[in-house]
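> Sequence and predicted structure are below.
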Amino acid sequence: MTKRSESETAARPFSIWRLASKELRETLRDRRTIITLVLMPLLVYPILSLIFRTFLLSNAQALAEGGPRRYNIVCYCDQGEQTLSKVLGATVAAMNDLETKTDLGAQAHRDANLSAGNHNANLRFQDHSWRFLDRSEEDDLLALVESGDADVGLKLSVGSSPREPLQTIGRESLGTIQLITRPDYRSREVASYLRKRFQALDAFVNEQRLRSAGLPNQPLVALEDDVLTALPDSPSQATAKSFSLASLVPLILVLMTITGAVYPAIDLTAGERERGTLETLMAAPVPKAGILMSKFIAVLTVAVMTALLNLVGMAATVWAFQLDQFLPGSVTFTITTMVKVFALLVLFAAFFSAVLLAVTSYAKSFKEAQAYLVPIILLSLGPGLMAMFPGLELAGTLAITPMMNILLLARDVIEQTVDPSAAAVAILSTALYAGVAIWIAARTFGSASMLYSNQGSVAELFQRPDVVSSVIQPAAALGCMALLFPVNFVMIGVLGRLATDTSADLVARFTIMGAFTILAFMAIPYLVASHQRANLTEVFGLKKPRLIFLFVALILGLTLWPLVASLIEVYGRLGGEEAHAAWHKRLVAETADLVGKIRQVSPIMIAIFLSIIPAFCEEFFFRGMLMRSLLRWRTAWLAIVFSAVVFGMFHVLSNSVIALDRLLPTTLIGLVLGYLAWKSDSILPGVLLHSLHNATVVFLGYYQPQLQQLSWFPGESQSLPWTWLAGAGCCVLMAMFVLIRSKVESDRGESYRLEASP
Amino acid sequence: MSYNSSMILIKNLSKTYRAGKARVEAVRSVSFSAEAGEVYGLLGPNGAGKTTTMRMILGLLPPDAGWAEIGGVRSDIDPDGVKRQVGFVSASAGVYQWLTAREMLTFFGDIYSMPPNLIASRLEELSELLRLNDFLDQRCSTLSTGQRQRINLARALLHDPPVMLLDEPTLGLDVVGSQVIFQYIDMLKEQGKAIIMCTHRLEQAQGVCSRFGLLHQGEMIHEGTLAELKLKTARENLVDMFIDLLNPV
């Protein structure tokens, strides 16, 4: 007994990391993990690249078999078409000599054709399609190559005094040649062919010269560095013709990441259960969620390690085999791109590891887990392959489709065409899905039915608890939040499609917006809470507040807006004066447009749809369900800050574009509302504050013409007078002082206890 | 009143499983208690509800009714408080294949929040006691069944719990192997631990256990010391009592 008390006094707190490190150690010693982790990338990429090259070459062969594969070469000379044709005529003649009369030349000719990827070695230099441009058509040279009408442009500069071409060949330099190429495979191939031909001719002529006259070696043509044209105007067209490495790379990486995560996920859940170590672990005084998180960390680590090794392996292979040159599209493999792609892979790995754990936690044996996972992996191949379709844009529903959004975003990262708002939506939604999956896994993992019964059913996951609880679990609130995100997103999409021209349009729009807001922020949380048999007054904080809190809410609701406006103004100035002017102009125009529209609607409608409904519904969820469930779980500050940030983020995404200028002010208002709700133990003062704030802002715009006539009201484009700011600031400070001094209303020790149902 | 001083107190534990549409009453209102320094033999044929009872005591399964109390802590109210006081060994308990025995034991010391120096000294003590030294640094996958079970016993004893729950600790062991385990159990009894043991090795149980509970189809049929049971059943030994249970006249 003495020993036990000694161990208790010196007890160390439970640490997920210690648990996770054991899981990792175990997993990494397992040779099956090592095989997927190391051997796969080592073997797969070289093999893939070999297949790839073979495929490309045989593709070229197939083309050659279909007939001679003539190159389209467009030529221009600074001394006009006549000189050009003479010089090239002489070159062709010399080339003919080279190709037909000498063994060496014939061999070199074949080599040039072969190495350029053209298998039709019988095509001779003169057989290709040559087009000469007039002296006035210099600009066309670039345009023809860029548009794809010609494979390569050849620009010959012979200087001011053109020599007789026939004399020139074999005597002196022809001039300089510059090749104009497109950044694609075909153009590179032709350029490579031409360069090799000219080098061969150079060698041939110089050899003859040496033999006949003992003349010194002199280069025939000086080949300048190639000029690269810009990408074709519509990149989708060029990339649409053939599949692009930019969408293949993420798919392979994602599939490999999945492969890396599958084994440890099964082994650490179903495998442990099968070996009989899980029950022992459950018999130890460790929280179930902690065990699950440690397993999640271990699976995620292995998945990320796999992703990293694969990324490195792939980059090395592409680099070593020069695969990037084989492929169309502007594929870039810079370090920055790789870091970004890796970050996306980490996010994806987190999402998929959570999904895997949610599924494998349910399985009783290794085999059963495998049986569950096969359809999931096949299912995820669907969006994976779909993301390969060229021309798909990361927008709308695709931005919130799991896996697909990450694949498309990774493609955009590689092609450097990322749309920040779509990227934010994709990242945020994936993170949320990961959260939901972890929540599901946590509900399944270690439950009695998972440990012992032979026939657990999916229904158990949604089983209602037998006891009435005063608050719901944070996990349920977070799950609800994850559900709100797509609903909110759909609402934005629907609203974006609605016309706003007539007042009838506006009324319809307001009604739809109101319905969505009630559905998302009230109906869904309500259903979740009542399903959990939670005490609704307690969950949503619908208690009658003390009068002092309503007073504070009244003051803050009326006086916060000048501070918010100046905050937005400060944000606008961050980008410098010039950007600020443009930003201000846009803001004023947008506001004027919006205000002009809403003036068509009656003020009562405005008050209901823009002030009361959003205020009540948003408080219901953010300060009600979300914050109050977190209050039970962690400290008040964390709950307030977290709910405020989520509140801010939901508002940032309220348009199709990201309104970043709204993030800071909304989050700050969220902090004030959260603090008020915590102190008063009710959301009702917050509802008052929120609706008053909304109403003030909206009606200031609504009645602006009338207000303008008042002598003391500031003009349209003026900033707020400092007296207003100072006055508002004083009111806010006073209200906050009263709020800070007042006692926390909730007696959490009492109200948060579980009550057995009668 | 005597119940209050008991280390282990089980009151009206009940559990019903749903197997499809049928309902199986695995445990029906089972009550018993055990003192410190006592080995309580929970005996019964297969499917009598012994393992379910054990799991409910430990808080791994929520009981439908009744409760279990270990050292004054109820497993439905503070399951972690109960788990901290209990060492649990079951027949199905496995070992971490890729860890060495020492690593595995250290890990469990860790999750019972023991400081590292205490883990080390306890490990030394236990490997002396259970003679683990020969294979302490071998990977668990290389150990024999007997060795694994000794490791599991060490794992359950590491945090020096006042209560031991042993569910078929000798399953799959040969005569010598199970003999060794029973010797250890005897030793633990001497140390003053309260022990509940389920086993099918009736003859050895007869020697070790101070009291018995005979479970059949989820119900406690007989309870008491061996002498009391002999009086109640008019049988000389546990094996005969068992046969009576299965073939009621």
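Looks like it arrived, so ask away. What you see is a predicted model, and the numbers here were worked out from it, not measured in a lab. Numbers count the residues shown, from 1 in each chain, chains lettered A, B, ... in the order given.
> Quick check: A:V418 is in a helix.
No. A:V418 is assigned coil when assessed by DSSP: H, G, I helix; E, B strand; the rest coil, not a helix.
> Neighbours of residue 188, how many?
Here I'm looking at chain A. 20 (other CB atoms under 10 Å in any protein chain shown). Every residue, glycine included, has its C-beta placed from N, CA and C.
> Correction: the question concerned chain B.
B:L188 has 22 neighbouring residues, counting by other CB under 10 Å.
> which ones are touching it?
By CB atoms under 8 Å, 6 or more residues apart in numbering or on different chains, B:L188 lies in contact with B:L157, B:M164, B:I195.
> I'd guess it is in a helix, am I close?
Yes. Checked against three-state DSSP, B:L188 lies within a helix.
> how near is it to A:Q706?
89 Å (CB to CB, to the nearest Å).
> ok, now B:L129?
Counting by CB to CB, the gap from B:L129 to A:Q706 is 91 Å.
> is it true that B:A101 touches B:I151?
Yes. With contacts counted by CB atoms under 8 Å, B:A101 reaches B:I151, the gap being 5.1 Å.
> What segments of chain B are helices?
B:50-58, B:79-85, B:101-111, B:116-129, B:145-157, B:175-190, B:202-208, B:226-233, B:238-246 (DSSP state H).
> if we can go back for a sec, what residues do B:A101 and B:I151 have in common as contacts?
Contacts common to B:A101 and B:I151, judged by CB under 8 Å, 6+ apart, are B:V95, B:L132, B:C140, B:L143.
> got the contact list for the first one?
Contacts here follow CB under 8 Å, 6+ apart; on that basis B:V95 touches A:R275, A:T277, B:A101, B:M104, B:C140, B:S141, B:L143, B:R148, B:I151, B:N152.
> now with 6 Å?
B:C140, B:R148, B:I151 (CB atoms under 6 Å, 6 or more residues apart in numbering or on different chains).
> Could you find the closest non-adjacent residue to the closest residue to chain A within chain B?
Nearest residue of chain B to chain A: B:G94, at 3.4 Å (CB to the nearest CB). Nearest residue to B:G94, sequence neighbours excluded (CB to CB, 6 or more residues apart in numbering or on different chains): A:G276, at 3.4 Å.
> ok, now how distant is the closest residue to A:F485 other than its chain neighbours from A:A482?
Excluding the flanking residues, the one nearest A:F485 by CB to CB, 6+ apart is A:L432, at 5.2 Å. Separation of A:L432 from A:A482 (CB to CB) stands at 4 Å.
> Repeat that for A:V374.
Taking CB to CB, one finds A:V374 at 26 Å from A:A482.
> Please identify which of the two sits among more neighbours.
When neighbours are counted by other CB under 10 Å, A:V374 and A:A482 differ, and A:A482 comes out ahead with 18 against 11.
> which secondary structure elements does whatever helix or strand that one lives in contact?
Element membership for A:A482 (DSSP states H and E) is helix A:474-497. The helices and strands touching helix A:474-497, judged by 3 or more CB pairs under 6 Å, 6 or more residues apart in numbering or on different chains; DSSP states H and E, are helix A:420-444, helix A:524-531, helix A:627-633.
> For the longest one, buried residues please.
To tie it back to what came earlier, the one meant is helix A:420-444. Neighbour counts over helix A:420-444 (16 or more other CB atoms under 10 Å in any protein chain shown) mark A:421-430, A:432-444 as buried.
> Show me which residues of the helix or strand containing A:F737 are buried.
Using DSSP H and E, A:F737 sits in helix A:722-741. Neighbour counts over helix A:722-741 (16+ other CB under 10 Å) mark A:W724, A:A728, A:C731, A:V732, A:A735, A:M736, A:L739 as buried.
> Report the mean per-residue pLDDT for that helix.
Averaged over helix A:722-741, pLDDT sits at 86.
> How many neighbouring residues does A:D139 have?
Per other CB under 10 Å, the neighbour tally for A:D139 reads 10.
> who's in contact with the helix or strand where it lies?
Using DSSP H and E, A:D139 sits within helix A:138-147. Contact partners of helix A:138-147, identified using CB under 6 Å, 6+ apart, comprise A:V74, A:Y76, A:L133, A:A150, A:G153, A:I180, A:R182, A:T229.
> Quick check: what element follows it along the chain?
Downstream of helix A:138-147, the next assigned helix or strand under DSSP H and E is strand A:152-157.
> list the helices and strands that next one packs on?
So strand A:152-157, by 3+ CB pairs under 6 Å, 6+ apart, packs with strand A:72-77, strand A:175-181, helix A:185-213.
> same thing but 7 Å
For strand A:152-157, the packing partners by 3 or more CB pairs under 7 Å, 6 or more residues apart in numbering or on different chains; DSSP states H and E come out as strand A:72-77, helix A:138-147, strand A:175-181, helix A:185-213.
> Parallel or antiparallel, list what pairs with that strand.
According to DSSP bridges, strand A:152-157 forms sheet pairs with strand A:72-77 (parallel), strand A:175-181 (antiparallel).
> Output the below-cut-off pLDDT ranges for chain B.
B:1-5, B:19-21, B:248-249 (pLDDT under 70).
> Tell me the residues of it that contact chain A?
B:58, B:60-62, B:80, B:83-84, B:88, B:90, B:92-96, B:98-99, B:107-108, B:110-115, B:118, B:159-160 (CB under 7 Å from any CB of the partner chain).
> Kindly reformat the helices and strands packed on helix A:474-497 as JSON lines containing mean pLDDT.
Putting the helices and strands packed on helix A:474-497 into JSON lines (pLDDT from 0 to 100) gives the following:
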{"stretch": "helix A:420-444", "mean pLDDT": "87"}
{"stretch": "helix A:524-531", "mean pLDDT": "84"}
{"stretch": "helix A:627-633", "mean pLDDT": "82"}
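> thinking again about what came up before, now the shared contacts of B:A101 and B:I151: which count as buried?
If we count by 16+ other CB under 10 Å, those have these buried: B:V95, B:L132, B:C140, B:L143.
> tell me the phi and psi of the second one?
Phi and psi for B:L132, reported as degrees, to the nearest 10, are phi -100, psi -10.
> Please name the residues that touch the spatially most central residue of chain B.
Relative to the mean C-alpha position of chain B, the nearest C-alpha, by CA atoms, centre = their mean, is the one of B:L166, at 1.8 Å. Counting by CB atoms under 7 Å, 6 or more residues apart in numbering or on different chains, B:L166 makes contact with B:V89, B:I185, B:I195, B:M197.
> deepest of the strands paired with strand A:152-157, which one?
Comparing those by mean neighbour count (mean count of other CB atoms under 10 Å in any protein chain shown), strand A:72-77 ranks first with a mean of 23.
> Need the CA coordinates for that strand. PDB is fine.
The C-alpha trace of strand A:72-77 is given here as PDB (Å, rounded to 0.1, in the frame of the first residue of the first chain):
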ATOM      1  CA  ASN A  72       5.800  21.800 -89.600                       C
ATOM      2  CA  ILE A  73       8.600  24.300 -89.600                       C
ATOM      3  CA  VAL A  74       8.000  27.900 -90.300                       C
ATOM      4  CA  CYS A  75      11.000  30.000 -91.300                       C
ATOM      5  CA  TYR A  76      11.900  33.600 -91.500                       C
ATOM      6  CA  CYS A  77      15.000  35.500 -92.600                       C
END
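> ok so, going back, as CSV, the strands paired with strand A:152-157 with mean pLDDT would be great.
Below are those laid out as CSV (pLDDT from 0 to 100):
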stretch, mean pLDDT
strand A:72-77, 85
strand A:175-181, 81
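> would JSON lines of those with distance to A:T360 be doable?
Shown next, in JSON lines, are the strands paired with strand A:152-157 (distance: least, CB to CB, whole Å):
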{"stretch": "strand A:72-77", "distance to A:T360": "57"}
{"stretch": "strand A:175-181", "distance to A:T360": "52"}
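> Tell me who's in contact with the closest residue to chain B within chain A.
Residue nearest to chain B within chain A: A:G276 (3.4 Å; CB to the nearest CB). Under the criterion of CB under 7 Å, 6+ apart, the neighbours of A:G276 are B:S92, B:A93, B:G94.
> That concludes my questions; thank you for your assistance.
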